[in-house]
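Asker: fold the stuff below for me.
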Amino acid sequence: MKRSDNSDNDKEIKKQKLLQELGGLQIPYLTPADEGFQQLWKTKYSKLALKEAHSTPLELHSQVQTALSILLERGCLFRDLVQMKGKDMFTPVSRVLIGAPGHTYKYLNTRLFTIPWPASGAVVRYCDDEVARACQAVKDLNDYLCVEAKRCLTRREGALSAAETTANVTREMERETNNRTVFNVALLNYMDPAAMSYLKEEPYFGMGRMAVSWHHDENLVDRSPVAVYSYSYKDTESCSAEGDEKPVSGRDCTVWRIALKVAWDIHTAGLALPLHSGDCYFMLDDLNMTHQHCVLAGARPRFSSTHRMAECSAGTLEYIFGRCQVALNNLHKDPSSERPSLVSLEVSVLKQAEEIHNEVEFEWLRQYWFQGRRYAKFSDWWCKPMERLEELWREMELMTWLVLCTVEGEGCPAADRREAVQGVLPLLEERNQLRQHWRARCQSRLAKTLPADEEPICHPYWSDHNASMPLPFDLQEILSRLEDIVSPTGL
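Answerer: Below you'll find the predicted structure:
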């Protein structure tokens with residue numbers, strides 16, 4: 001949490017420094033109507049690729065646009081209550097994450113859990129056939145964009161001269177391209193600018209109102225592309241045939257546009273590209289790292305379906321259940337009496353278990369319940385995994401109790417007691433602080449404005465009289481005792 005706050009502060013400092021350097025002036029930017037636009041795109045933004053609407057099959061357009069409309073009309077897109085610069089705020093964009101079963105995607109201190117699309121080996125019970133068809137359509141679009149992203153990357157990499165390329169290098173490049181174009185999640189976004197009371201003005205170029213401010217996409221596999229499908233909701237001229245589009249100026253503020261700039265640079269002209277309904281664009285290779293992009297609001301409501309390779313090394317059910325197993329390897333229960341005990345009292349083992357305990361509680365359980373019961377609108381897929389995760393977390397609560405019984409017991413040597421407490425105390429302090437933090441967020445003014453099925457739930461939460469829990473929710477009294485042990489007078 002602190003690292004994220006520091007990152008936000010660093011970005012704000014950089015932004016203010018650039019604006020100060022500009023001294024009220026604006027950086028120039030080019031659009032398709034401007035001379036030099038194609039040259040700028042080729043030299044400074046060559047890793048941005050556009051696929052116009054007419055080159056995508058009409059049947060796919062129809063399936064996807066019907067799916068997006070159904071999800072909106074069913075109330076299945078949500079404005080997330082996120083944290084920026086230590087403050088809670090609603091995203092201006094409504095969204096939902098659809099993707100590989102058991103995957104998550106984290107942004108702005110918020111972990112989104114995928115509504116699973118149909119996948120081999122996964123049994124998904126959707127709430128009804130409409131939602132099932134919508135998720136299938138997003139999966140079909142994802143498969144299509146994976147192929148198109150690979151083509152875009154292959155065209156770029158195929159531009160290497162024959163002298164630079166050998167058969168082995170070519171095969172390696174092909175393998176790398178394949179590995180980087182298997183999108184595992186699609187983040188669906190929707191905004192109606194007319195419903196927004198305020199949108200920030202773009203600060204560097206004077207491009208107009210921003211639906212999404214300048215940013216890099218977070219938590220992606222290194223150098224993986226991002227593919228975006230754009231759909232202007234209820235646009236009667238959407239997905240027209242080749243040559244039928246009306247010419248649009250990149251400075252027309254009634255038209256949605258994607259804008260790019262070199263990250264933290266005020267010397268290179270920016271680029272603004274108008275988006276017709278049904279257009280797709282691709283940010284290839286390291287473009288998302290070296291450049292920033294923003295979305296400029298048009299007049300009509302708009303969907304975007306953004307497909308990406310989320311960096312999920314610490315963001316899948318498989319991962320977190322594996323972590324739980326590592327922690328619980330230190331718990332032994334007598335086969336006959338079920339009496340629990342710790343296998344090892346090594347400080348490193350105790351610390352690792354408490355770290356995993358915190359990870360399960362604050363990166364998974366509380367993140368999930370903070371979003372209320374929204375996922376039930378789609379499927380019951382996450383119910384059993386989260387129930388199981390909570391069962392394992394309860395076992396970790398028992399392990400913490402066993403640690404405390406040991407270090408506060410009369411038979412524990414003073415030196416061993418002090419070393420163990422010094423190891424686990426910071427993690428228990430963090431746990432107590434984060435519990436109060438999440439509880440406050442659930443009770444905040446903004447949280448109380450959400451519909452009942454989206455209102456944050458402070459879970460797990462229990463009273464001091466709950467006999468099923470070995471430790472209290474509030475650990476302050478325990479922390480005070482542990483602090484006495486490690487204080488100089490506690491020797």
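
Asker: distance check, the residue lying closest to W256 once chain neighbours are set aside against D217.
Answerer: Nearest in space to W256, with sequence neighbours left out and distances taken as C-beta to C-beta, 6 or more residues apart in numbering, is G298 at 3.7 Å. All C-beta spots, glycine's among them, are computed from the backbone N, C-alpha and C. Using C-beta to C-beta, to the nearest Å, we find G298 at a distance of 21 Å from D217.

Asker: one step back: the residue nearest to W256 - how many residues pack around it?
Answerer: G298 has 23 neighbours, counted by other C-beta atoms under 10 Å.

Asker: which SS state does it fall under?
Answerer: When classified by DSSP: H, G, I helix; E, B strand; the rest coil, G298 comes out as coil.

Asker: residues contacting it?
Answerer: P193, S232, C253, T254, V255, W256, R257 (C-beta atoms under 8 Å, 6 or more residues apart in numbering).

Asker: now for those: which two are most distant?
Answerer: S232 and C253 (14.5 Å; C-beta to C-beta).

Asker: the strands in the stretch 201-350 of the chain, which residues?
Answerer: Under the criterion DSSP state E, counting those that start in this stretch, the stretch 201-350 of the chain contains strands at 210-215, 226-232, 257-262, 270-274, 280-283, 291-296, 302-308, 331-333, 340-342.

Asker: for stretch 195-203, output the C-alpha coordinates as PDB.
Answerer: Extracted in PDB, the C-alpha atoms of stretch 195-203 (Å, rounded to 0.1, in the frame of the first residue of the first chain):
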ATOM      1  CA  ALA A 195     -23.500  11.300 -17.700                       C
ATOM      2  CA  MET A 196     -20.200  12.700 -16.300                       C
ATOM      3  CA  SER A 197     -20.400  15.900 -14.400                       C
ATOM      4  CA  TYR A 198     -16.700  16.500 -14.800                       C
ATOM      5  CA  LEU A 199     -13.900  15.200 -16.900                       C
ATOM      6  CA  LYS A 200     -10.300  16.500 -16.600                       C
ATOM      7  CA  GLU A 201      -8.900  18.500 -19.500                       C
ATOM      8  CA  GLU A 202      -5.700  17.000 -21.100                       C
ATOM      9  CA  PRO A 203      -2.900  19.100 -19.500                       C
END
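
Asker: so for that stretch, mean pLDDT?
Answerer: Mean pLDDT, computed over stretch 195-203, is 92.

Asker: buried ones in it?
Answerer: If you call a residue buried by 16 or more other C-beta atoms under 10 Å, then stretch 195-203 has these buried ones: L199, E202, P203.

Asker: mind listing what the second one touches?
Answerer: Yep, that's E202 we're talking about. By C-beta under 8 Å, 6+ apart, the contact set of E202 is G208, R209, M210, W214, A259, C294, L296.

Asker: filter those down to the buried ones, PyMOL style.
Answerer: Buried members of the contacts of E202, defined by 16+ other C-beta under 10 Å, are picked up in PyMOL with:
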select buried, resi 208+210+214+259+294+296
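
Asker: could you dump the contacts of E202 to JSON lines with distance to A119?
Answerer: Below are those laid out as JSON lines (distance: C-beta to C-beta, whole Å):
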{"residue": "G208", "distance to A119": "40"}
{"residue": "R209", "distance to A119": "38"}
{"residue": "M210", "distance to A119": "35"}
{"residue": "W214", "distance to A119": "34"}
{"residue": "A259", "distance to A119": "35"}
{"residue": "C294", "distance to A119": "33"}
{"residue": "L296", "distance to A119": "35"}
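
Asker: where does pLDDT dip in this structure?
Answerer: Low-confidence segments of the chain (pLDDT under 70): 1-7, 157-173, 175, 235-250, 489-491.

Asker: centroid-nearest residue for it?
Answerer: Central residue of the chain (C-alpha atoms, centre = their mean): K106, 2.6 Å from the mean position.

Asker: phi and psi next, for that one.
Answerer: phi -110, psi 130 (degrees, to the nearest 10).

Asker: relative to strand 302-308, how tilted is whatever helix or strand A186 lives in?
Answerer: For A186, the host element (DSSP states H and E) is strand 185-191. Strand 185-191 and strand 302-308 are oriented at 160 degrees to each other (axes from the mean of the first three to the mean of the last three C-alpha atoms, to 10 degrees).

Asker: list the neighbouring strands of strand 185-191 plus their orientation.
Answerer: Paired strands of strand 185-191, with direction, are strand 87-99 (antiparallel), strand 302-308 (antiparallel) (DSSP bridges).

Asker: ok, which of the ones you listed comes nearest A353?
Answerer: Nearest to A353, of all the strands paired with strand 185-191, is strand 87-99, at 30.2 Å by C-beta to C-beta.

Asker: what does the closest one contact?
Answerer: Counting by C-beta under 8 Å, 6+ apart, 71-72, 76-83, 104-105, 108, 112-117, 135, 138-139, 184-191, 196, 199, 211-212, 310, 441, 444, 446-447 sit against strand 87-99.

Asker: if I look at the residue nearest to L475 when sequence neighbours are not counted, how far off is P472?
Answerer: Closest residue to L475 apart from its sequence neighbours, by C-beta to C-beta, 6+ apart: N432 at 4.2 Å. As for N432, its distance to P472 is 10 Å (criterion: C-beta to C-beta).

Asker: let me know the helix or strand that the residue nearest to F362 when sequence neighbours are not counted is in.
Answerer: With sequence-adjacent residues excluded and distances taken as C-beta to C-beta, 6+ apart, F362 is closest to L434, at 5.1 Å. In the assignment (DSSP H and E), L434 maps to helix 414-442.

Asker: list the buried residues in that helix.
Answerer: Neighbour-count burial for helix 414-442 [16+ other C-beta under 10 Å]: 417-418, 420-421, 423-425, 427-428, 431-432, 435, 438-439, 441-442.

Asker: tell me the bridge partners for Y229.
Answerer: C280, S305.

Asker: right, I mislabeled it, should have said L271
Answerer: Note on L271: beta-bridge partners by DSSP bridges are L30, L260.

Asker: how many other residues sit next to it?
Answerer: 26.

Asker: now it: how far from L50?
Answerer: L271 sits 11 Å away from L50, taking C-beta to C-beta as the criterion.

Asker: one more: K333?
Answerer: Noted for K333: a distance of 60 Å to L50, by C-beta to C-beta.

Asker: so which of these two has more stuff around it?
Answerer: The neighbour count for K333 versus L50, taken as other C-beta under 10 Å, is higher for L50 (15 against 12).
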